[in-house]
Structures are given as structure tokens and as C-alpha cells.
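>>> Mind looking at a prediction? Sequence and model below.
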Amino acid sequence: MWTRFIARIVALCVGRPWLVIALAMALTAGTGIYAKQHFAIHTNIYDLISPDLPWEKRRQQFVRDFPQHDFLVVLDAPTPELVEQAAAKLVVALQVHPERFRAVSRPGAGRFFEQNGLLFGSTEEVRRFTQGLSRADALIGTLAGDPSFRGSLDALSLVMAGVQRGEVKLDEVARPMTMAAETVEAVLADRPASFSWQVLASGGPPQASDLRRFIQVDPVLDFSSLEPGRAATNAVAQLASELKLGTENQTRVRQTGLIPIVDDEFATIRDHFGRNAVISLVAVAAILWLALRSVRVMLPVVIGIIAGLAVALAVGLALVGALNLISVTFFALFVGLGIDFGIQFSVRYRAERHDHADLREALLSAARKAAVPLSLAAVAIAVGFSSFLPTFYRGLSELGEIAGAGMIIAFIASITLLPALLKVLKPPPETRSIGFTALASVDRALLRHRVPIVITTIVVVTLASPLLLFLRFDFDPNHLRNPAVESVATYLELRSDPQTGANAVDVVEQNLARADVTARRLSAVPQVGSVKTLSSFIPGDQDEKLKLIRDAAGTIEESLSPKELEGPPSDKDVINDLKATAAGLRLRPAGARSAGRNAAFRATVAIGRGR
């Protein structure tokens, strides 16, 4: 009965082909206009999940209580001073663009940390730092009175004078002399040079966190665009370039977070769209030619798929309102699968046209023989896509809804518009049987040895089945991303540092007391590296640390506030100071080679070359 029904539809379309084509073109035009007027892609990835899920409700509540910024600007520089200056300049520049950034903030910065940051070090670290400041009182006074290159040379000469008087051991000043020599050598070699007083005062090499700053950005997003945050990421890059952070501050500025990462993913799709489209079209054209061997047969298939795509897109937009980042793949799915219906019907038509000289009779015979297999294929694919409907993952659910309806539309086009177009274009009769005659022997061999082939297949599958026990599934979505893209590479780098919190899990408690109890319990879990609550921002041993800071402040207060400042040095002054400093460095005490003597010699050579 179904075969007769399909055959009658094909007979009707073949009997009135121009009417069918006119109706199809009108429907295509109308749905095309509707699709153009209502076409939209919503690129908010959070909308891909149903808001009714319990964990999604908790996430939304957490975001309302603690606004999250999925956009992070990462700055790295050779010294803490340079990266701090760069971060401060970039924050000011970002804040004057509210049309691009709703909010801009710097974690770990601000008046609180400026005033209390030293308290967060250990007591021993604070003691070492403050004692170093106290010992450098004279050096600080020299630099405060003459904050120029001349003042730095005078400070170095002052250090060497202390060595000559026996007040300081040469090895104790090896580190500052090495740092000074490295800076002068970089200048003479025309390389970026930097000298950090903070690193010098700390008594040790800088940590990675000392040379890095973060800026959190809440950008204005355009979810109607394929890259919602691209305007914001471009603005950050442009401002960093205008501020010359890379040259003047020697600062590397990178962007990461969910927004830049997703934008970069879709930028990759956009950048390769043209190439991929050409490859796909060439592949489809090759398949059509191998299957149909006639432009008069290929053209109806292509027209049918275009008309079906317009109708299916309009139906899909009417069903869901807007495409999402998953359902937008409907275009490729419809063309790739929908064109199969046209190929199946047309190949069957070619086979029948070889046996029937009359075009109409060949089309009706093709309809009778292809009705059931073509219908089963359409229903199977539509049901397969419809299986996505029950999921709470809205991206897949909407794809199933659109693609399922699209497969039925493609099937209808293949039994209505396609036969009508074939009737009008009148392809020539098929003089040869359909198929690849060169493979006929292979077909006969497979048929003759079908029993051994089936048994062998069953045995191989049975023996290989235990390997499924060793099948591993990679649950990390980051492994789907290109690690060479800057936003992804930056995230992976940050994730390797536990202090950045890139792998952090947020736990919400009713109050601070319960949060501290939960933190102590979680700290005992082996998989937990560290736990922080609001109590973590209350430094311990404050009384002892404050006493150390007050003692150091009293020692250097007068040195930090000189009564008068030296004027800018002339070139002659600098040359004279270079000569004097180099001469002072040569007056090092004799003795066995040591770190101090090596550093003094290196500084002598570097400064001597600088004259």
C-alpha cells in the first residue's frame, strides 16, 4: 500500500511537472524570505544547557551572588615594577571604554593589598625583607635623592666603599653587582634591559607570581555574532599596542578565559570556512558524477537539495526561534544526508531507464522499487535525530528537532520535485547497465564465499570484543581544543600553577564558620592542593610582623624623604660617574676567587664598556 501511495505521488508530479516546479519554487522563495528575516544564531554557550537542571540552577544562583568574569587578561614582564606599571596603565585604559567593558578589576590589587600585602608573607619572609631595607638605608637615601642613572652609579659606588671599609663583605653584595652587570650588558647589547629593586630587596630570585598580573574583564557580548567577545578582545589588544606595553614595559599581554577561548574556536572555523566549503563541494560533485554520470540528472538533485534546505531552515527557525552553536551544524547534516535521498532515487531511475525506453515509465518503476527503502532510510535518520529530544542538553535537543524535520522534508523533495525536474530536463536513455563492471568479479566472489566471510567476521568481532574493557574515555573538553591557540595555551599554562585557581571548585556555605569547617575537612583530601576561605585573607602573626615593619619604616623614613633632589644629570656627569664607579670596582680587595670577586669583575668590565 505504501509503495502504491509513493508511486501515485510520483505519477502526479511527472504528469504535471511544471505545476510542481512552480509550486516548489514559490515555496522555496517564501521560506527563503522567512528564513532571511528570522535567521539568528544565539552564541551564548550557557544557553546550551536546560535551565531546569538542579546543578544549572545552582550555577546560576552562584553567578548571581558572585559575578564571574570569563575573560582574563594576563600580563608578564621581567620585573615586578614593569608588570605592575603595565597592569595599572591597561586597567585605566580599559575603564574609559564602558561601551566595551562593563567592569574591570585587578585581583590582588588595590588599597587593601597596597597597605597590607606585606603581612601575607611568612614571619621569616617579612623579617628578611625589613632587615634588608634597614641595612640598605644609606643606599635608599642615595637613590631617593637622585632617582637617575647617576644615582644608581653613586649607590653602587657607595656599596663598594662599604666593602673597602670592611662594613660589608664582598660576597654579600655579589647579587646586586651581578644584577647591575646584567642590566648594563643588556643595554650595551641593545637588548631589553631591566633592574628590579623589589627583587633586590627580597633577597632571592622572583617567583612566577611576582612577574605576573591579572586583569578581570566583564565584556559587553554580542550573542548574535559568531564570536560574541571578539570586539572586546580586539579592544584589549589595540589598547595594549597603543600603550606600547610590549616595548616600553617589556610586558607580554595575553587573553584567556572561556570567552576568548570560544571566540578563538569559532574564529578557526571562520578562517577555514572557505577552504572547507570548496573541499566539500568538490567532494559532493565527485560523488554525484560517479553515481549519476549526467549533468541532466545531477542538476535536479542539486536543485532539490537547495529547495529542501530553504524549507527545512524556515521550519527549524519556526520551531526553535534561533539556531545555537550545536544546531547550526544542521546545514552540513542536511546537505550530507539529504542529498543521499536524491542520489538513491536517481540511481534507481538510471537503472530503470536502461530497461525502459520511456522516461515516464522509468520514473514510475523507480518510484515503485525505491519507495520502501527510501522511506525506511528517511524514517530511520529522522528517528535517530529525534532521539536527541529528551536530553537536557538544549544544543543537541534543538539539533534533533530541526534535523529530524529536515530529513522528512528532504525525502518529500526527492519524490516530488526531483521526478518533476527529471521529466522536464529529459535525460538521455542509459545505454549501459548501471554499476562498476570492473568490480563484478569481486561481487561474485563475495557472494560465492559468503558463509566463510560471515563466520570470519563473527570470530574477529568476538575475539576483539574483550578489548572494549580497556576502552578509555577522555572527559576533558580542553583536549578538543587547539593547544597552539594563544588563549588555550595561556589557560593550560595557568592551569599548571595551583596558585592561579584555574582548576578550583567553588563550595558555598551559609556562613564563615561553616566554611572554615568545610575547608579543614577538604584539606585532608589527598586530591585537594589548597583551600581558601575569607579567613585566608586575615594574616597570621600580625603583631610581630607589624613591629618589624614599624622598625624598618622608622629606620628608612628620613632616607625616603630627602630635603632636596639632584637635578637631571648631563651626559658629562654620567660619563664621569661611569669612570668613577668602574675605578671603584677595580679597588676590590685581593684574595681567592669568589662569587663577590667574580661579580665585581663582571660589573667592572660592563661599566667600563659603557663609558
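Nice, thanks for sending it over.
>>> From here on, just use CA atoms for contacts and neighbour counts.
OK.
>>> Can you list phi and psi of the residue nearest to T555 when sequence neighbours are not counted for me?
Excluding the flanking residues, the one nearest T555 by CA to CA, 6 or more residues apart in numbering is S134, at 6.0 Å. Note on S134: its backbone torsions stand at phi -60, psi -40 [degrees, to the nearest 10].
>>> With N324 instead?
Per-residue torsions, N324: phi -120, psi -180 (degrees, to the nearest 10).
>>> which residue packs closest to it, ignoring adjacent ones?
In space, and not counting its chain neighbours, N324 is closest to H42: 5.0 Å by CA to CA, 6+ apart.
>>> related to what we said a few turns ago, so the residue nearest to T555 is in contact with A552, correct?
Yes - using CA atoms under 8 Å, S134 is in contact with A552, at 5.5 Å.
>>> Name the residues that touch stretch 327-334?
Residues outside stretch 327-334 that contact it (CA atoms under 8 Å, 6 or more residues apart in numbering) are 41, 309, 395-396, 398-400, 402-403, 406-407, 410.
>>> got it, and stretch 474-494?
Against stretch 474-494 from outside (CA under 8 Å, 6+ apart): 254-257, 260-261, 264-265, 500, 502.
>>> Same question for stretch 83-101.
With CA under 8 Å, 6+ apart as the contact definition, stretch 83-101 has outside contacts at 75-77, 103-106, 211-215, 217-220, 231-232, 235-236, 239-240, 243, 245, 249, 251.
>>> Inside strands: which ones of the contacts of stretch 327-334?
Using DSSP state E, the members of these that fall in strands are I41.
>>> a markdown table please, covering the contacts of stretch 327-334 and showing distance to P300, neighbour count and pLDDT.
As requested, the contacts of stretch 327-334 are exported to a markdown table (distance: CA to CA, whole Å; neighbours: other CA atoms under 10 Å; pLDDT from 0 to 100):
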| residue | distance to P300 | neighbour count | pLDDT |
| --- | --- | --- | --- |
| I41 | 30 | 18 | 80 |
| L309 | 14 | 25 | 91 |
| G395 | 33 | 23 | 84 |
| L396 | 32 | 23 | 87 |
| E398 | 30 | 27 | 89 |
| L399 | 27 | 26 | 90 |
| G400 | 27 | 24 | 90 |
| I402 | 24 | 28 | 92 |
| A403 | 22 | 28 | 90 |
| G406 | 18 | 30 | 91 |
| M407 | 18 | 29 | 92 |
| A410 | 13 | 27 | 92 |
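>>> May I see the contacts of stretch 327-334 arranged in JSON lines, with distance to L281 as well?
Below are these laid out as JSON lines (distance: CA to CA, whole Å):
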{"residue": "I41", "distance to L281": "24"}
{"residue": "L309", "distance to L281": "16"}
{"residue": "G395", "distance to L281": "27"}
{"residue": "L396", "distance to L281": "26"}
{"residue": "E398", "distance to L281": "26"}
{"residue": "L399", "distance to L281": "23"}
{"residue": "G400", "distance to L281": "25"}
{"residue": "I402", "distance to L281": "23"}
{"residue": "A403", "distance to L281": "20"}
{"residue": "G406", "distance to L281": "20"}
{"residue": "M407", "distance to L281": "20"}
{"residue": "A410", "distance to L281": "19"}
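>>> Show me which of the contacts of stretch 327-334 is closest to I343.
A410 (11.6 Å; CA to CA).
>>> Please tell me I have it right and the closest one contacts F341.
Yes - the pair A410 and F341 qualifies as a contact (CA under 8 Å) at a distance of 7.1 Å.
>>> about what we covered before: OK, contacts around the residue nearest to N324?
H42 makes contacts with 223-225, 322-325, as judged by CA under 8 Å, 6+ apart.
>>> Now, of those residues, which are buried?
223, 322-325 (16 or more other CA atoms under 10 Å).
>>> that older thread, now, which of the contacts of stretch 327-334 lie within helices?
Within the contacts of stretch 327-334, residues falling in helices by DSSP state H are 309, 395-396, 398-400, 402-403, 406-407, 410.
>>> what domains does the record give for the chain?
As given by automatic domain parsing, the domain ranges for the chain are 2-47+293-436, 71-256+570-611.
>>> Pick the most buried one from those.
Among the domains of the chain, domain 2-47+293-436 has the highest mean neighbour count (mean count of other CA atoms under 10 Å), at a mean of 19.
>>> Quote the end-to-end distance of that one.
Domain 2-47+293-436 stretches 31 Å from its first residue to its last (CA to CA, to the nearest Å).
>>> one step back: could I get the contacts of H42 as TSV with pLDDT?
Shown next, in TSV, are these (pLDDT from 0 to 100):
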residue	pLDDT
F223	80
S224	76
S225	79
A322	84
L323	85
N324	82
L325	78
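>>> Nearest to E557 among the residues you listed?
Closest to E557, out of all of these and judged by CA to CA, is F223, at 54.8 Å.
>>> what's that closest one in contact with, if anything?
Applying CA under 8 Å, 6+ apart, the residues near F223 are 41-44.
>>> How about N276?
For N276, counting by CA under 8 Å, 6+ apart, there are no contacting residues.
>>> Now it: phi and psi?
Per degrees, to the nearest 10, the backbone of N276 is at phi -60, psi -40.
>>> Quick one: low-confidence residue ranges for this protein.
For the chain, applying pLDDT under 70 flags the ranges 139, 143, 146-197, 199-204, 564-611.
>>> in it, which spans are strands?
41-42, 72-76, 101-105, 212-219, 252-256, 323-324.
>>> With distance to A377 added, can I get those in JSON lines?
Listed next are the strands of the chain as JSON lines, based on distance: least, CA to CA, whole Å:
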{"stretch": "strand 41-42", "distance to A377": "30"}
{"stretch": "strand 72-76", "distance to A377": "48"}
{"stretch": "strand 101-105", "distance to A377": "51"}
{"stretch": "strand 212-219", "distance to A377": "47"}
{"stretch": "strand 252-256", "distance to A377": "45"}
{"stretch": "strand 323-324", "distance to A377": "26"}
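>>> ends of stretch 95-104, how far apart?
This stretch, stretch 95-104, spans 6 Å end to end (CA to CA).
>>> now it, how far from the chain's geometric center?
22 Å (CA atoms, centre = their mean, to the nearest Å).
>>> Excluding chain neighbours, what is closest to V262?
Leaving aside its chain neighbours, V262 sits nearest to E227 (7.6 Å; criterion: CA to CA, 6+ apart).
>>> Please give me every residue in contact with the one you found.
E227 makes contact with 43, 262-264, 266-267 under the criterion CA under 8 Å, 6+ apart.
>>> before we move on, the earlier item: among the contacts of H42, which one sits closest to E114?
For these, the nearest to E114 is F223 (38.0 Å; CA to CA).
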